[in-house]
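Chemist: pasting a predicted model and its sequence here:
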Amino acid sequence: MSNNLIYSINGPVVTVKNSTDFHMLEMVYVGNNRLLGEVIAITKSETVIQVYESTTGLRPNEPVFTTGEPVSILLGPGMMSNIFDGIERPLQKIADENGIFVPIGGNIKILDDEKLWDVTVLAKLGQKVQYGDIVASTQETSLIEHRIMIPKGIQGEVVEVVKNGKYTIKDVLLKVKDTHGEIHSITMVQRWPIKTERPVNKRLTLNEPLISGQRIIDSMFPIAKGGAAAVPGGFGTGKTMLQHQFAKWCDADIIIYIGCGERGNEMTQVLEEFTELIDPKSRRPLTDRTILIANTSNMPVAAREASIYTGVTMAEYYRDMGYHVAIMADSTSRWAEALREISGRLEEMPAEEGFPAYLPSRISQFYERAGYVETVNGKRGSITIIGAVSPQGADFSEPVTQNTKRFVRCFWALDKQLAYVRHYAAINWNISYSEYIPELTDWFNKNIDVQFLPYRQKIIALLAEENKLMEIVKLIGSDILPDDQKLVIEIGKVIRNGFLQQNAFHKDDTFVPLNKQFKMMQVILHLYQASKDYLVQGKSLSLVLKTEIFEKVIRMKYDINNEDIDKFDDYISLIDHTIRKIK
Amino acid sequence: MNLQYMGLKEVNGSLIFLDGVKDVSFEEIVEIILDDGTLRRGRVVQIQGERVVVQVFEGSNNISLTNTKTRFLGHPMKLPLSKEILGRIFDGSGLPIDGLGDVYVDESLDINGLPLNPVSRVYPRNYINTGVSSIDALVTLIRGQKLPIFTGSGLPHNELAVQIVKHAKIAESEAKDFCIVFAAMGVKNEVADYFIHSFEEADVKEKVVMYVNLSNDPIIERLLTPRCALTAAEYLAYKHGMHVLVIMTDITSYCEALREFSSSKGEIPGRKGYPGYLYSDLASIFERAGIVKNTKGSVTQIPILSMPNDDITHPVPDLTGYITEGQIVLDRELHQKGIFPPVGVLPSLSRLMKDGIGDGYTRKDHSAVANQLFVAYSKVRDARNLASVIGEDELSPIDHSYIDFGNLFEKHFLNQGPNVNRSIIETLDLGWRLLSTLPMTELDRMDSELLKEHYDYQDAITYFKVIVKSTVKALASTRAVKND
């Protein structure tokens, strides 16, 4: 029986008087229902605990149990294709056992410990092993081979191994004798504290893009594997839609989708859609490479804070196996608000807009867990983080957006005006940026075309010029502009409607391979050059517009299938031919 | 066995403080009996050792440090429910105020509810025909959705809500299990009366449960009102398989009550003095909409929210917009033009619409028509801005046809009046006819097949008696010929 008793209760914050048993950030169980909690402050007279579940019905003088370890999650086969809440409770299992609502407390098994996994043991008797070494593997889903690694703190010689065969996560696969002669049993699972980064051998430079099939991202503002990006946008601008598109199509091996303080229906949608959707490369359902973490807005706020760390810890675990992992965090603002809420309950001195002063350091700690690394076992893996930000009143000057901007190198700003006219992805090309271009230059030159980046630059320049001209047009109308400026406006329209705007519901347009993106840029720029040459001869732009070649180029995203890349060359000759034929 | 505690330690706003209290639980319900025998109820909001803070629902008027007896009931607030609540009127904390006595209790449920497991949800896909063109075509309401009306003082949001109820009732009439839960939070007496009368007129009175907290009722009770209403809605939907439409008005009053309560507890305020947990608190209300597996019923929410000073970036509409699945925004300018319902098209949005329309639900061209109407109407705005600078005469022919389109769109599509009920097919056909007044090349969100099937320039021009500038006419007619 514990003699640490609850003294006070205030929402999710509980205190214990006069105890010296607790450690900072230790995981504790609170009350007779054993609610999960974490120690967040200790003074001589008082220990403060934040509880990850609803405290309704909790009474003073109920016991608090210590565990001696920081808040940790269980890592092992069975995580893939699963859906968890912010503190790694399996929601499907909870639904099977408890019906439609999520109960509080209770002791639910996180991973299925009866399922038999087909294990291949790789370690040999007498082999020296240490932290991170891969000693066995099992096919977790059709897409992911789960590689079992030596847990932290174990180093020594393998003295016992089992044969290949079917085992549960409870079974011991091998035994390791360390230098003190102590024997350690290795199973398929291990625990890891969520707020501690898993170590790596070294960080590598980022030199490969994460390809999403979204034109405005891949061609205009690309992100590198191992990079971090922020997607800020007011409500209704399509943050979630963009995250979904990424989760569906990006070329990472594993997706971890964290629904942090967002809508329940959105998680249901991901769940339903991903089961039906087939990965274009492997022809397997997308769920086979996805882990969902759903801490919806009505679930306890402290667990929302934990959900981000839970997700990134799982990502690091798979990265250490040598996979490229992409994390979608929707939305980091809700996480920051959870910090604010807890901080308010602790009566800490607030900084900007009530957020605690440690907000920037927490944000940077999170984004720094992204990276392209050589893992401790010598493999290469990466974590890419794409965090949605929901600024209050769509005002990008608020603290979460501003602090996030400092720690990411890709900024995809979503724009309300574009969303109003249903231009998706509503990424505003005038204020978004990517700092990864220099690192990725070699990759694009080698794998796509040396012209790729110059084309990109030209398109961005044209858009910037169009933006400037539109200011004038808004004041005095377009009629009085000279033809060459009118051409910029017309070509700007082609770029916006024919290239940047992308239809997520169209079977081809929803994912566009890079070489098609390149060809599209080529055709658009060719149209611009050809029309410009025509104007130089002193002829009128209206004649070119009349041929409807501009409309045809706008529609090419639908008219040319992703496979028929050669057809773009026909467009180039068609443009030449059409303009030549004008009388 | 319940102990009674005599007297209090401290009274502050609606909070009372007791000392020496043993064995109470967080959020437990409390009865406070005054000297004169009146009974008030409250809830434990903070426990510190033997010191307990209780929030009194009815307010602390008349309470002194010595004139009370306090009793702790040992459980969180529960709402007695049965199917008999249909047709009844309750106060904001769930006590009957229609003089018909207590309800027979089938089940008592905790009003805070528990979070719905996302795994148990069904993604909502069935649309509700509201009969209002602007909503059906452009911000389609889906069963199980939470779609608020953002409005301002003086705008006809209540009329719109009633219109939706009337027509939704007709559309759902074949399913007998349609009902309405109405929560009034801090609204004026006349507004509550208006709803009661309208429900009577629409002959749905027997299908309505009302929880009414008027503007002069205690603010703490207001914090319970939406929770009572939603507990009732969940009970009717998941226990009795009914399709429940929950109308809550006014969310802003609710948030103000929360702010008042928070500041009396001495909490650190966030933006505009609202507590930092406003988002979580609102989410615990709005997230209680939805459809769950293995039940027939659904909970659809239409909260009404008045934007202070018509400011959509005010914390209340802002946070609401982040939680709800879209919003219907009413527009003062349209209202002044005499258009009803004055739905501001561009900022309105329904997030669930994309999966609940099209082939098999409404009609296959629905999404294209909706997108094209959005785009066209946004160009109308640009053209009008330009016209206000350089004068309408100087506009290009295309801009002219947009101005014409805009006027026709507002006059025929938006301005439907309170009594007309349009089917979705009528609405979409009207949309096509309006779009057909524009040259075909402007319809860039349509594929060629749809254009061929529905685009009819001549018909539209004659129907609306548009006087077209010759240049546009020439442009339009050559294109039309070519496309045949």
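Modeler: Thanks, I have the structure now.
Chemist: may I see the buried residues of stretch B:83-103?
Modeler: B:I85, B:L86, B:G87, B:R88, B:I89, B:F90, B:D91, B:G92, B:S93, B:G94, B:V103 (16 or more other CB atoms under 10 Å in any protein chain shown). Bear in mind the C-beta positions are built from the backbone N, C-alpha and C, glycine included.
Chemist: and these, which is the shakiest by pLDDT?
Modeler: Lowest pLDDT within those is found at B:S93 (86).
Chemist: so that residue versus A:N107, what's the distance?
Modeler: Distance of B:S93 to A:N107, given as CB to CB, to the nearest Å: 35 Å.
Chemist: same question for B:G321.
Modeler: 39 Å.
Chemist: same question for B:V204.
Modeler: Applying CB to CB to B:V204 and A:N107 gives a distance of 47 Å.
Chemist: who has more neighbours, the two?
Modeler: B:V204 (19 against 6; other CB atoms under 10 Å in any protein chain shown).
Chemist: for the nearest residue to A:L25 once chain neighbours are set aside, name its beta-bridge partners.
Modeler: Leaving aside its chain neighbours, A:L25 sits nearest to A:P70 (4.8 Å; criterion: CB to CB, 6 or more residues apart in numbering or on different chains). On the basis of DSSP bridges, A:P70 is bridged to A:E26.
Chemist: for the stretch 101-250 of chain A, which residues are neighbours of chain B?
Modeler: Residues of the stretch 101-250 of chain A lying close to chain B (CB under 8 Å from any CB of the partner chain) are A:F101, A:V102, A:P103, A:I104, A:G234, A:F235, A:G236.
Chemist: now do stretch B:299-309, average pLDDT.
Modeler: On average, stretch B:299-309 scores 94.
Chemist: which ones among the residues of the stretch 101-250 of chain A next to chain B are found in strands?
Modeler: Assigned to strands by DSSP state E, none of those qualify.
Chemist: quick one: these as JSON lines, columns for neighbour count and distance to A:I291 too.
Modeler: As requested, those are arranged in JSON lines below (neighbours: other CB atoms under 10 Å in any protein chain shown; distance: CB to CB, whole Å):
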{"residue": "A:F101", "neighbour count": "17", "distance to A:I291": "23"}
{"residue": "A:V102", "neighbour count": "25", "distance to A:I291": "18"}
{"residue": "A:P103", "neighbour count": "16", "distance to A:I291": "23"}
{"residue": "A:I104", "neighbour count": "21", "distance to A:I291": "24"}
{"residue": "A:G234", "neighbour count": "22", "distance to A:I291": "29"}
{"residue": "A:F235", "neighbour count": "24", "distance to A:I291": "26"}
{"residue": "A:G236", "neighbour count": "24", "distance to A:I291": "28"}
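Chemist: which of these lies closest to A:Q417?
Modeler: Minimum distance to A:Q417 across these is 10.6 Å, recorded for A:G234 (CB to CB).
Chemist: how confident was the prediction at that closest one?
Modeler: 85.
Chemist: show me where the stretch 101-250 of chain B dips below the pLDDT cut-off.
Modeler: For the stretch 101-250 of chain B, the stretches with pLDDT under 70 are B:169-175.
Chemist: enumerate every residue touching the residue nearest to B:A368 when sequence neighbours are not counted.
Modeler: In space, not counting the residues next to it along the chain, B:A368 is nearest to B:M446; the distance is 5.3 Å by CB to CB, 6+ apart. Shown in contact with B:M446 (CB atoms under 8 Å, 6 or more residues apart in numbering or on different chains): B:A368, B:Q372, B:Y455.
Chemist: okay, now A:I110: neighbour count?
Modeler: Neighbour tally, A:I110, other CB under 10 Å: 20.
Chemist: that one reaches A:P77, doesn't it?
Modeler: No. Distance between A:I110 and A:P77: 12.0 Å, which falls outside the contact criterion (CB atoms under 8 Å).
Chemist: residue contacts, residue 253?
Modeler: Looking at chain A here, since you left the chain open. Per CB under 8 Å, 6+ apart, neighbours of A:D253: A:L143, A:I144, A:R289, A:Y318, A:Y323, A:H324, A:V325.
Chemist: the intended chain is chain B.
Modeler: B:S253 neighbours (CB under 8 Å, 6+ apart): B:M185, B:G186, B:V187, B:S215, B:R222.
Chemist: for residue 436, grab phi and psi.
Modeler: The chain I'm using is chain A. phi -90, psi -10 (degrees, to the nearest 10).
Chemist: my bad, the chain I had in mind was chain B
Modeler: With angles defined as degrees, to the nearest 10, B:S436 sits at phi -70, psi -10.
Chemist: let me see the contact set for it.
Modeler: B:H454, B:Y455, B:D456, B:Y457, B:D459, B:A460.
Chemist: wait, what's in contact with the third one?
Modeler: In this case it means B:D456. By CB under 8 Å, 6+ apart, the neighbours of B:D456 are B:W432, B:R433, B:S436.
Chemist: nearest residue to the last one other than its sequence neighbours?
Modeler: Okay, so that is B:S436. B:A460 (3.6 Å).
Chemist: pLDDT score for the one you found?
Modeler: 88.
Chemist: which strand or helix spans it?
Modeler: helix B:457-464 (DSSP states H and E).
Chemist: how far does that helix sit from the chain's center?
Modeler: 37 Å (CA atoms, centre = their mean, to the nearest Å).
Chemist: cool, and stretch B:420-432?
Modeler: Taking mean C-alpha positions (CA atoms, centre = their mean), stretch B:420-432 and its chain are 23 Å apart.
Chemist: is chain A contacted by that stretch?
Modeler: No. Stretch B:420-432 stays clear of chain A (CB under 8 Å from any CB), getting no nearer than 14.5 Å.
Chemist: which outside residues touch that stretch?
Modeler: B:127, B:129, B:131-133, B:136-137, B:167, B:170, B:362-363, B:365-366, B:369-370, B:373, B:412-413, B:416, B:454-456.
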